[in-house]
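Student: this one's structure only:
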């Protein structure tokens, strides 16, 4: 392990990495329930998607560990799976096999872009202060996801979002929000006291409290509104189901698909995936202090290659774009510094094929405290932004503001890049902008116009 993961060099140990890997998995485990649910709307078999999700996540995460030695985990990306099912398949009317082929081709394009250093150049072109804004923005973004998952923040017709009505739906939303808040306090106190695995303990403790509430009647199961039993069920998966999606991308029927529209779909997947991945790598690596003196990430080519290969492999298996998950920051917050944590996460995804019902039972309010607390850890990078130079600070601010409000890492980066370039040019500091930043700004503008 020392030879492969360089634990001493990274000032870590096996126990810390294992606990951090488990923490990352538990904050990501919701994808095992969500991804089959979303992709089945396109006509895909839910069990097949579940198996494909587990395998693609395992392959991508272990590739990240072996190739780059980073504690980053991969799984089918949220947002991209919704675009796959509801936009490409339902709204545009494409067969899901066509969508899978688009994802497969996107992955191959990413391999080429990675080997030719294009993606690495994009990562390195983003200025230091904007990278710190990305990290802080991801912190706000995952905290917002946690607040939603814990039912603390809910939709509101007049103000878009609001806090939950504790009394109105006390036995469902209300008690979940209370449990999430209790879990947050538990996590914070344990972390402050230096207890190892504080974030993981917070998740498990919150889940156990939830099961106790269900046993006493404080929490009431209401399947129709999305509040399921908190008790894990035990069962095995039908492995033969994978045959319903495996290799189906190569059987796509193009009789009702125009070449132009197919290319647009590929580039839509490509654009969002590229900047989601780059944004996640920037944010998590910045917080983990993995960037070198030149604000570059060592082994980034290997990390991006793992992401690209996982995307194509996932398409062959039968799932939407596999990408680096922002929830990796939970593991980093728990102390992960090497690929050993990723190996643990990847193996847990593999094991979850056999015991998927256990892992899919982890409720959103149990993982919410971890996401909210890790959001706090990541947002602290905002103090490193140079606020004396407004041409640097304002784009970083707009970037970190856009991510949670637009519910997208890639959109936050787009806002940051466009505003950075325009502000620098308009204030007579055009020479401070790297040439590739101009290219990125134009591409983002074109994306809003044509995609």
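Tutor: Thanks, I have it. None of these values were measured; they are calculated from a predicted model.
Student: Do a quick rundown of the helices in the stretch 101-250 of the chain.
Tutor: Counting by DSSP state H, counting those that start in this stretch, the segments of the stretch 101-250 of the chain that form helices are 118-125, 128-149, 175-192, 198-216.
Student: Does the residue lying closest to residue 60 once chain neighbours are set aside belong to a helix, a strand or coil?
Tutor: Nearest residue to residue 60 in three dimensions, chain neighbours excluded: residue 310, at 2.9 Å (CB to CB, 6 or more residues apart in numbering). C-beta: built from backbone N, CA, C; applies to glycine. Under DSSP: H, G, I helix; E, B strand; the rest coil, the three-state class of residue 310 is helix.
Student: where are the low-confidence patches of the protein?
Tutor: For the chain, applying pLDDT under 70 flags the ranges 359-360, 451.
Student: Show the contacting residues for the most centrally placed residue in it.
Tutor: Taking CA atoms, centre = their mean, the centroid of the chain lies closest to residue 325, which sits 2.9 Å from it. By CB atoms under 8 Å, 6 or more residues apart in numbering, the contact set of residue 325 is 24, 28, 31, 72, 73, 74, 75, 77, 280.
Student: what does residue 238 give?
Tutor: Each residue near residue 238 by CB under 8 Å, 6+ apart is listed here: residue 47.
Student: Tell me which of the helices of the stretch 101-250 of the chain sits most buried.
Tutor: helix 128-149 (a mean of 26; mean count of other CB atoms under 10 Å).
Student: circling back: give the contact list for the residue nearest to residue 60.
Tutor: Applying CB under 8 Å, 6+ apart to residue 310 gives the contacts 56, 59, 60, 63, 74, 107, 322, 323.
Student: again, 6 Å this time
Tutor: Residue 310 makes contacts with 59, 60, 74, 322, as judged by CB atoms under 6 Å, 6 or more residues apart in numbering.
Student: any idea how far residue 101 is from the first one?
Tutor: I take that to be residue 59. Separation of residue 59 from residue 101 (CB to CB, to the nearest Å) stands at 19 Å.
Student: Can you show me the helices along the stretch 301-450 of the chain?
Tutor: 328-333, 339-351, 356-359, 364-379, 390-406, 409-426, 435-450.
Student: Buried deepest among those helices, which one?
Tutor: Of all these, helix 328-333 has the most neighbours on average by mean count of other CB under 10 Å, namely a mean of 30.
Student: Can you tell me which helices and strands that one packs against?
Tutor: Secondary-structure packing of helix 328-333 (3 or more CB pairs under 6 Å, 6 or more residues apart in numbering; DSSP states H and E): helix 14-28, helix 259-287, helix 364-379.
Student: JSON lines for these, including distance to residue 357?
Tutor: JSON lines is the format used below for these (distance: least, CB to CB, whole Å):
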{"stretch": "helix 14-28", "distance to residue 357": "15"}
{"stretch": "helix 259-287", "distance to residue 357": "29"}
{"stretch": "helix 364-379", "distance to residue 357": "16"}
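Student: Select, out of those helices, the one closest to residue 140.
Tutor: helix 364-379 (6.0 Å; CB to CB).
Student: Who are the packing partners of the closest one?
Tutor: Helix 364-379 is packed against helix 128-149, helix 175-192, helix 198-216, helix 328-333, with contacts defined by 3+ CB pairs under 6 Å, 6+ apart.
Student: Distance to residue 84 for the ones you listed - can I get that in a markdown table?
Tutor: Shown next, in a markdown table, are those (distance: least, CB to CB, whole Å):
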| stretch | distance to residue 84 |
| --- | --- |
| helix 128-149 | 20 |
| helix 175-192 | 29 |
| helix 198-216 | 28 |
| helix 328-333 | 22 |
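Student: Select, out of these, the one closest to residue 400.
Tutor: Closest to residue 400 of the helices and strands packed on helix 364-379, according to CB to CB: helix 128-149, at 3.4 Å.
Student: So what angle separates the directions of that closest one and helix 390-406?
Tutor: Relative orientation of helix 128-149 versus helix 390-406 (axes from the mean of the first three to the mean of the last three CA atoms, to 10 degrees): 20 degrees.
Student: contacting residues around helix 128-149?
Tutor: Outside helix 128-149, the residues that touch it by CB under 6 Å, 6+ apart are 153, 279, 282-283, 286-287, 295, 326, 364, 368, 371-372, 375, 378-379, 381-382, 384-386, 392, 395-396, 399-400, 403-404, 412, 416, 420.
Student: now it, how far from the chain's geometric center?
Tutor: Distance of helix 128-149 from its chain centroid, counting by CA atoms, centre = their mean, to the nearest Å, is 11 Å.
Student: Against residue 433, how distant is residue 426?
Tutor: Distance, residue 426 to residue 433, using CB to CB: 11 Å.
Student: ditto for residue 220
Tutor: Residue 220 is 56 Å from residue 433, by CB to CB.
Student: Have a look at these two and say which one is more surrounded.
Tutor: Taking neighbours as other CB atoms under 10 Å, residue 220 and residue 433 compare with residue 433 leading, 19 against 13.
Student: Can you name the residues that contact the closest residue to the more buried one other than its chain neighbours?
Tutor: Counting by CB to CB, 6+ apart, residue 433 lies nearest to residue 424, which is 4.9 Å off, once chain neighbours are set aside. For residue 424, the contact set (CB under 6 Å, 6+ apart) comprises 391, 430, 432, 433.
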